[in-house]
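1. Predicted coordinates and the sequence they were generated for:
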Amino acid sequence: MVTAAAVNSSAVNSNAGKNPLLYSGAFPRWSDIKPSHVQPAVQQLIAEELASVELLEQDLARMSANITFDRLFKPLTQLRLRLDAVFGQIDHLSSVVDTPERRKAVDAITPSRVAFELHLGQSKPIYNAVKQLKDTSVIWQKLNPTQQRIVTITLKDYENSGVGLPEDKKKRFNAISDQLSQLTTNFSSNVLDSTMAFKLLVTNKSELDGLEETTLAVAAEKAKDAGHPSATAESGPWLLTLDYNTYVAVLSFAKNRDLRKNFYIAYRSIASSGKSDNTGIINQILALRKELAVILGYKNYAEEKFTYKMATFNSASSLMEQLINDSRAVAVEENAQVTQFARNVSEDKGLELKWWDIAYWSERQKEHLFHIKQERLREYLPLPLVIKGLFQLAHKLYGINVQLASGALPVWHKDVQVYAVSDANSTKPFAYFYADLFARPGSKQGGAWVQPLWDAAKYWRAPSPAAAAAKATKAAASNSTNSRTASVIWTPSLAKAESDWLNSAPYQLPIAVLISNQNPPAGGKPSLMSLNDAGTLFHEFGHALQHMLSKSKQGLTSGMRNIEWDAVETPSQMQEKWVYDKNMFNSIARHWNTNESVPSWMFDAIKSLKTYRQGVSSHSICS
């Protein structure tokens, strides 16, 4: 038996050896993290946190009549936040610097990760204690609204983790959960591989007639990276890839109809053939999700997921059906207008638009109606100026300063910037975020998102006294003839050490990661943004602010934690609307070279663009 006296502070609060994933310093050691670190880090993390779970379960058994919110949720919060801090780094790197070695490492730890989450989520002692807080009116009435919310959501989490299932169904539930985890990982990998596999080298510029100068410059830079050092935007060659920016550019601007068709079919058939074919995986995921939901007592997977949303399955379905019906006639008319416009301009009265024609002719109609071209608008939206205006808006709205962090902090790619956030009247940062804004086809997933990396809360990113005790007990057992599996053994002194450790946890600054996939600088110009790029950046920054400006006193409600997923979008939707505020737009829109302001007529046209083909857009989203 190991006493609390044997658990000294250096053992508890060490940096967990030399593995950078378990580093407990202020910032992740991104540049030091290698795929070879993943498996040993996860093995150590799970062993340490399993000891914490065992001690908590034993502690709950001894205080069943005197359970308090803090006695239960302080250790649960510590568990959750430390686990997410480590796994968050692993997941993030998988999404932005994918390699075969990293995939192999992640595949190796997936079963143990899923097994531990199921072990924690199906702990009867913990579930019963949470339920006791909810069911005991004397205790429940003393909890504040935040605490009551945490209890309610935690109960739902445990129930949706299968805690109440009989053993035969629980066994099947766990097997499905493990299989789904691997399938969803394989699905994402296949999408990335299939996207990366498409490369089209063009040497004849006439084949690219109509493409914007920005697209040609980026394609020339890609050709340079692929072994054509003399490539230029003017003379080529040009390497076209299947990243979203290139796809949209080709579909919207390329006069070459065969090129548009080629890109449309390639993009729409990503991961649908060959070794990256996701067809079978999709069918398996659908079947297993439905089976999992039915095991839990739901009619289908959608009904289960709606337990984490404000809306209900029925209300959301009714709204979508209403939108489909209300927008159908308008969508049909809008498509007819584009077809007639295309026939008039092409002087081909029999022209029938295919799927790869619609975006092209819609863009031509848009230019005709609003007298604005996307390439010209890009010239007025250089990324550095848009970022400057966004941060000025944050200062005005929220009383904060956002500036580049001082010092050479580790990053995972040379293009990543680190920003510090502080109150307007202070120079001391209260939050940080990493911005990784440029597309990297083949190694970085497409889209845009914010990942809360570390939470604003009091917790340790280090092993607990229970973990140190278990480690010492295991070492002692290995030197004896006793073959019994070593585990944590509850003692009053160890329980006190654990409690004191939790109560002395330091406050951790929140850190977020903001990801997008816009065109990088090319051809001697800064990254020039489309209107959609600017709106996306504002939107994602709204998510980042929700994480960083959190004032919650509870770690399990910090930032975006335990907020219904349809509610999470509210701050980001509000933030992106500022792009269309005239004063705001004028502050971010100046010509990248001449510093010329946007003409007033151009802003009026931009506002009008918001309603262009909204019938088609609404109908497509809901169909």
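-> Alright, I've got the coordinates.

2. And residue 12, what's its pLDDT?
-> On pLDDT, residue 12 comes in at 39.

3. Quick check: the closest residue to residue 542 other than its chain neighbours vs residue 498, distance?
-> Residue nearest to residue 542 in three dimensions, not counting chain neighbours: residue 575, with 3.1 Å by CB to CB, 6 or more residues apart in numbering. All C-beta spots, glycine's among them, are computed from the backbone N, C-alpha and C. Per CB to CB, to the nearest Å, residue 575 is found 41 Å from residue 498.

4. which residues does residue 448 contact?
-> Counting by CB atoms under 8 Å, 6 or more residues apart in numbering, residue 448 touches 515-517, 536, 539-540.

5. that older thread, contacting residues around the residue nearest to residue 542?
-> Residue 575 neighbours (CB under 8 Å, 6+ apart): 538-539, 541-542, 545.

6. Tell me the predicted confidence for it.
-> pLDDT at residue 575 comes out at 95.

7. Against residue 449, how distant is it?
-> Going from residue 575 to residue 449 by CB to CB gives 15 Å.

8. Residue 103 contacts residue 189, doesn't it?
-> Yes. If you go by CB atoms under 8 Å, residue 103 and residue 189 touch, sitting 5.9 Å apart.

9. Please put the alpha-carbon coordinates of the longest strand seen in the chain into CSV.
-> In the chain, assigned by DSSP state E, the strand with the most residues is strand 429-438. Extracted C-alpha coordinates of strand 429-438, given in CSV (Å, rounded to 0.1, in the frame of the first residue of the first chain):
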residue,chain,number,x,y,z
PRO,A,429,-3.3,38.2,-22.0
PHE,A,430,-6.3,36.2,-20.7
ALA,A,431,-6.5,34.0,-23.7
TYR,A,432,-4.7,32.9,-26.9
PHE,A,433,-5.6,31.4,-30.2
TYR,A,434,-3.8,29.9,-33.2
ALA,A,435,-4.9,30.9,-36.7
ASP,A,436,-4.2,28.5,-39.5
LEU,A,437,-6.0,30.1,-42.5
PHE,A,438,-4.5,28.8,-45.7
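
10. quick one, strands of this structure?
-> Counting by DSSP E, the strands of the chain are 199-202, 238-241, 400-404, 417-423, 429-438, 449-454, 457-458, 507-508, 511-518.

11. If you count contacts, what does the second one end up packed against?
-> Applying 3 or more CB pairs under 8 Å, 6 or more residues apart in numbering; DSSP states H and E, one finds that strand 238-241 contacts strand 199-202, helix 213-225.

12. and these, which one's lowest on average pLDDT?
-> Across the helices and strands packed on strand 238-241, helix 213-225 gives the lowest mean pLDDT, at a mean of 93.

13. follow-up on the earlier one: save the contacts of residue 448 as a markdown table, and put in pLDDT, distance to residue 567 and neighbour count too.
-> A markdown table is the format used below for these (pLDDT from 0 to 100; distance: CB to CB, whole Å; neighbours: other CB atoms under 10 Å):
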| residue | pLDDT | distance to residue 567 | neighbour count |
| --- | --- | --- | --- |
| 515 | 98 | 22 | 21 |
| 516 | 96 | 23 | 20 |
| 517 | 94 | 26 | 21 |
| 536 | 96 | 20 | 21 |
| 539 | 97 | 15 | 21 |
| 540 | 97 | 17 | 22 |
